[in-house]
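**Q** sequence-free structure coming up:
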Ligand SMILES: C[S@@+](CC[C@H](N)C(=O)[O-])C[C@H]1O[C@@H](n2cnc3c(N)ncnc32)[C@H](O)[C@@H]1O
Ligand SMILES: [Zn+2]
Ligand SMILES: [Zn+2]
């Protein structure tokens, strides 16, 4: 379904008339508090990190711009500004360094026929789902269920300490405020990260969800979690190769450092 230019112009004008009565983008700061609402389904499609609350961005867009104006988010991440901006009939430009952010933002605002979506979903759940879910399995620390679900993993880079040569996880190294020095958790000497070889990353925290005892929480990884995490570098490329799904390399090629 496509609308004519006149119809779109009329919709924008109507929205503009409505918003002029509600907010005035006259440079006045927003003085009323805005409550942060939880994510709605469009934002649940992909758990892109650090998404801002859509209700807050929506209010900011309404306050500081009018329909038809250009809104730029140079760090658009999971696309909150892009999605809310389009809903409010702004012209939006989203930019991000991470190609996953561009893919997620672009797909969130691209209309797809529901039948195609359902067919693709059915195909993925009958082929890839079991293999993928095996990589999100963890033990429930409350009831011991071995089939709890890891909602996300927090990752950290590892480097070799230039003083004691021990391999350390950067997330566990103290970084005194205002300096760019880390303190080695083993020998307590200071070092800067620049020039150090980045070793294979490791997981440092897990958000788990147990369908058996209905608890959720966060925990530090145990041995079996760490073993599982080490297998990702082999497992993911294998899945990509078998099912010809999009890989990180392909993402970089298509969307690397670009705009949505
Ligand atoms: C906190 S997220 C953005 C959240 C987003 N505005 C929202 O509301 O969902 C920050 C984003 O900045 C991106 N970023 C960091 N450095 C960047 C750079 N130099 N150029 C472009 N994007 C960058 C990251 O990839 C990340 O997606
Ligand atoms: Zn449990
Ligand atoms: Zn050290």
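**A** That came through fine. Only a predicted model underlies this, so the values are computations on that prediction, with no experimental measurement involved. Ligands and ions are numbered 1, 2, ... in the order given.
**Q** how close does the residue most central in space within the chain sit to residue 251?
**A** Nearest to the mean C-alpha position of the chain, by CA atoms, centre = their mean, lies residue 48 at 1.2 Å. In this view, residue 48 and residue 251 are 13 Å apart by CB to CB, to the nearest Å. For every residue, glycine as well, the C-beta is placed using N, CA and C.
**Q** Residue of the stretch 1-150 of the chain nearest ligand 1, please.
**A** Residue of the stretch 1-150 of the chain nearest ligand 1, by CB to the nearest ligand atom: residue 77 (2.8 Å).
**Q** State the distance from the residue nearest to the centre of the chain to residue 100.
**A** 7 Å.
**Q** now residue 10
**A** For residue 10, the distance to residue 100 equals 37 Å [CB to CB].
**Q** Of those two, which one has the most company?
**A** A side-by-side neighbour count of residue 10 and residue 100, using other CB atoms under 10 Å, places residue 100 first with 17 against 12.
**Q** What count of nearby residues applies to the residue lying closest to that one once chain neighbours are set aside?
**A** Among residues not flanking residue 100 along the chain, residue 251 sits closest, at 6.3 Å (CB to CB, 6 or more residues apart in numbering). As a burial measure, residue 251 scores 15 neighbours (other CB under 10 Å).
**Q** Would you enumerate the residues in contact with the residue nearest to the centre of the chain?
**A** By CB atoms under 8 Å, 6 or more residues apart in numbering, the contact list for residue 48 reads 77, 78, 79, 100, 101, 104.
**Q** ok, and for the helix or strand hosting residue 191, which residues are buried?
**A** Element membership for residue 191 (DSSP states H and E) is strand 190-192. For strand 190-192, a neighbour-count test (16 or more other CB atoms under 10 Å) marks residue 191 as buried.
**Q** Against which helices or strands is that strand packed?
**A** The helices and strands touching strand 190-192, judged by 3 or more CB pairs under 8 Å, 6 or more residues apart in numbering; DSSP states H and E, are strand 181-183.
**Q** does stretch 109-118 come close to ligand 1?
**A** No - shown here: stretch 109-118 not in contact with ligand 1 (CB under 6 Å from any ligand atom), separated by at least 13.3 Å.
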